[in-house]
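Build me a model from this:
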Amino acid sequence: MCRVRSTLFVYGTLLRGEPSHHRLGGARFLRETATSPGFGLVDLGDYPGMVRAKRGAVAGELYRVDEQTVSELDAFEGHPELYWRTEVELVDRTRAQAYLVRPERASGCPEIPSGDWRRRLRYGPRSANRPEGSHEMTQRVFNFSAGPAVMPLPVLEQAQRELVALPDVGMSVLELSHRGKTFEAILAEAEANLRRLLAVPDDYRVLFLQGGGQLQFSMVPMNFLDGGTADHVITGYWGSKAIQETAREGTARTAWSGKGDNYRRVPAQSELDLDPSARYVHVTSNETIQGVQFRQLPDTGAVPLVCDASSDFLSAPIEVGRYGLLYACAQKNAGPAGVTVVIVRDSFLATRRDGLPPMLDYQAYADAKSMVNTPPTFAIYLLMLITRWIEGEMGGLPALAERNRSKAAMLYDVLDGHSDFYRTHAEPASRSLMNVTFRLPGEELDERFLAEASARGLKQLKGHRSVGGVRASIYNAMPVEGVEALRDFMLEFRTAR
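Below is the predicted model:
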């Protein structure tokens, strides 16, 4: 039997959930820990290197290892030519072995400011110091897709670490029984987090459905129209889709439409033709294609307000008590495609018609706690992680709203400052903070702009075919650095012409 040699501090691809963790073999995990101040991390591409630094510390894990494992790791790390194994001090003043990268190899490599490999931002070009012929991790570009959209990097990294086995569970969330205690806890936390973030009143139900926003276009009238009429305020493409589905179920009235102006604005309250006897009024809070957004939703009086909030859900605080029902497919700000959040007031829910199939009946979902059938377990797990991220790392919805306003202002300032070249689609008072839409002087310039932006790692900027031009979707998870990179490119592109 091999003699125990020492404790070993690891910080990169040897961590649990990382690709080289298996090389620790039978090593015994002791705890998560960090070095004392005086160390830093540099990014070598697919893996990091720890270096001595004037300040900072490195996060990692501590293991007890035997001589054979250390010998195998020495060969793997290239000790002593590439890395050398030496003793370092940990934050609790104990000491352990660790692999430091040779200074000449670290020279010129970007620093990882957090000192935590798992929380690194992997945006940008391939590291120049990665050896030729080595495996190259796909670097993250700035993804401006309207949806499915960019997700928070810390959430993706946590999901990556936990994909094979959730901590203390021993199986993937993809494998969990939706009736088991582990998933029940995930579902309960997802709901609790949403209730806390949005200050959802007690007389509202929070439901997790499937089918995206388009199923809601049908479910809402199926449940609530019941021989009556529904008013629709149509501010863009998705609002026009919603009224079509309502018309399949009964009488759908247009209370206002921006179609005549190609959906460039939202209406003033005085422009609305609302029927006080309508069963509900349907609005779309943010139109992703045209890039228009309500700053203040219409006052519908005693008529319940139904809102498609898919593309600005969780981007700012809202007054949930104003809604009879709001719904949001997750793939903008709340998670991946596959789960749709519905928040419905009990008194409105009580007006639904009976006799619907359970899969189309909101009351059935409320009674079954969203488990009429097997729910989208992985999507709900990711939504739970995102709500944690909003609360824990972004400071809640008020702070996130201010960040979103600041990001949007970066782009609109360029557009307004160069209005002879860039032409915005939405009128200023109706501009979306989530989807910035604009065109250049001609289609040829549009295409050149998109091609050159793509070459810079600014991806998915092409506008929808009904509007054309450029659409930059800058949801919650789009880092400020991405918006800054797009802003700088816009200025450079204009200056060059």
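
hey, where'd the helices end up in this protein?
Secondary structure of the chain, counting by DSSP state H: helices at 67-77, 103-106, 153-162, 181-198, 212-224, 237-249, 346-349, 362-367, 377-392, 397-417, 443-455, 480-495.

So which elements touch the first one?
Think helix 67-77. strand 4-10, strand 83-89, strand 95-101 (3 or more C-beta pairs under 8 Å, 6 or more residues apart in numbering; DSSP states H and E). Using the backbone N, CA and C atoms, a C-beta is placed for each residue, glycine as well.

That helix: which residues count as buried?
Within helix 67-77, the residues that qualify as buried are T69, V70, L73, E77, counting by 16 or more other C-beta atoms under 10 Å.

Next, the angle strand 4-10 makes with that helix.
Helix 67-77 and strand 4-10 meet at an angle of 40 degrees, taking axes from the mean of the first three to the mean of the last three C-alpha atoms, to 10 degrees as the criterion.

Restricting to C-alpha, output helix 67-77 in CSV.
Presented in CSV, the C-alpha positions along helix 67-77 are these (Å, rounded to 0.1, in the frame of the first residue of the first chain):
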residue,chain,number,x,y,z
GLU,A,67,3.1,9.0,-3.4
GLN,A,68,1.9,7.2,-6.5
THR,A,69,-0.7,9.8,-7.2
VAL,A,70,1.8,12.6,-6.8
SER,A,71,4.2,10.9,-9.1
GLU,A,72,1.6,10.5,-11.8
LEU,A,73,0.5,14.2,-11.3
ASP,A,74,4.2,15.3,-11.6
ALA,A,75,4.3,13.7,-15.0
PHE,A,76,0.9,15.2,-16.0
GLU,A,77,1.9,18.7,-14.9
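
Now find how far off-centre it is within its chain.
Computed by C-alpha atoms, centre = their mean, to the nearest Å, the chain-centroid distance of helix 67-77 equals 39 Å.

how many degrees apart are that helix and strand 95-101 in direction?
Using the same axes, to 10 degrees: helix 67-77 against strand 95-101 is 20 degrees.

so where's the stretch 101-250 of the chain uncertain?
120-138 (pLDDT under 70).

Apply 50 and report the result again.
123-137 (pLDDT under 50).

I'd like the buried residues of helix 67-77 written out as CSV, with pLDDT and distance to V281 added.
Listed next are the buried residues of helix 67-77 as CSV, based on pLDDT from 0 to 100; distance: C-beta to C-beta, whole Å:
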residue, pLDDT, distance to V281
T69, 93, 66
V70, 93, 69
L73, 95, 65
E77, 93, 64
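
ok, so of these, who is nearest S310?
E77 (47.6 Å; C-beta to C-beta).

so who does the closest one touch?
Each residue near E77 by C-beta atoms under 8 Å, 6 or more residues apart in numbering is listed here: Y83, R85, Y99.

what separates it from H22, distance-wise?
Remark: distance between E77 and H22 (C-beta to C-beta, to the nearest Å) = 15 Å.

Which residues does N143 form beta bridges with?
K459 (DSSP bridges).

Quantify the burial of the residue lying closest to T351 once chain neighbours are set aside by counting its neighbouring residues.
Leaving out its chain neighbours, the residue that sits closest to T351 by C-beta to C-beta, 6 or more residues apart in numbering is F224, at 6.2 Å. Residues near F224, counting by other C-beta atoms under 10 Å, number 25.

And F224, how far from R345?
12 Å.

Name the residues contacting each of the two.
With C-beta under 8 Å, 6+ apart, F224 and R345 have common neighbours P304, L325.

Now do stretch 105-119: everything it contacts.
Against stretch 105-119 from outside (C-beta under 8 Å, 6+ apart): 11-13, 15, 18, 34, 39-44, 48-49, 51, 56-60, 82, 120, 124, 127-129, 153-154, 157, 161.

hmm, try it at 6 Å
Contacts to stretch 105-119, defined as C-beta atoms under 6 Å, 6 or more residues apart in numbering, come from residues 11-12, 41-44, 48-49, 51, 56-59, 120, 129, 154, 157.

And for stretch 144-163?
Under C-beta under 6 Å, 6+ apart, the answer for stretch 144-163 is 17, 118-119, 143, 172, 288, 331-332, 337, 385-386, 389, 460-461, 472-473, 475, 477-478.

so how far is V51 from S432?
Using C-beta to C-beta, we find S432 at a distance of 44 Å from V51.

beta partners of E89?
R95.

how near is it to V173?
On the measure of C-beta to C-beta, E89 and V173 end up 37 Å apart.

Among those two, which residue is more densely surrounded?
Remark: of E89 and V173, V173 carries more neighbours, 20 against 16, as counted by other C-beta under 10 Å.

Now the more buried one. Nearest residue, chain neighbours left out?
Nearest non-adjacent residue to V173, counting by C-beta to C-beta, 6+ apart: Y381, 4.7 Å away.

number of nearby residues for the one you found?
For Y381, using other C-beta under 10 Å, the count is 26.

go on, G25?
11.

One more: the one 10 residues further on?
Using other C-beta under 10 Å, the number of residues around T35 comes to 24.

thinking it is in contact with V58, fair?
Yes - counting by C-beta atoms under 6 Å, T35 touches V58, with 4.8 Å between them.

would CSV of the helices and strands packed on helix 67-77 with distance to L440 be doable?
Listed next are the helices and strands packed on helix 67-77 as CSV, based on distance: least, C-beta to C-beta, whole Å:
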stretch, distance to L440
strand 4-10, 50
strand 83-89, 50
strand 95-101, 46
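
CA atoms only for stretch 335-344, dumped as PDB, please.
Extracted C-alpha coordinates of stretch 335-344, given in PDB (Å, rounded to 0.1, in the frame of the first residue of the first chain):
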ATOM      1  CA  GLY A 335     -33.300  30.200 -18.200                       C
ATOM      2  CA  PRO A 336     -33.100  28.000 -21.200                       C
ATOM      3  CA  ALA A 337     -35.900  27.200 -23.700                       C
ATOM      4  CA  GLY A 338     -38.300  24.600 -22.300                       C
ATOM      5  CA  VAL A 339     -40.000  26.200 -19.200                       C
ATOM      6  CA  THR A 340     -42.600  29.000 -19.100                       C
ATOM      7  CA  VAL A 341     -43.400  30.800 -15.900                       C
ATOM      8  CA  VAL A 342     -47.100  31.800 -15.300                       C
ATOM      9  CA  ILE A 343     -48.100  34.000 -12.400                       C
ATOM     10  CA  VAL A 344     -51.900  34.100 -11.900                       C
END
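
Could you check how far the residue nearest to L176 when sequence neighbours are not counted is from D168?
Spatial nearest neighbour of L176, excluding adjacent residues (C-beta to C-beta, 6+ apart): F183 at 4.6 Å. F183 is 14 Å from D168, where distance means C-beta to C-beta.

more neighbours, these two?
Per other C-beta under 10 Å, whichever of F183 and D168 has more neighbours is F183, with 21 against 6.

hang on, that one packs against L174?
No - here F183 does not reach L174: they are 10.8 Å apart, not a contact under C-beta under 6 Å.
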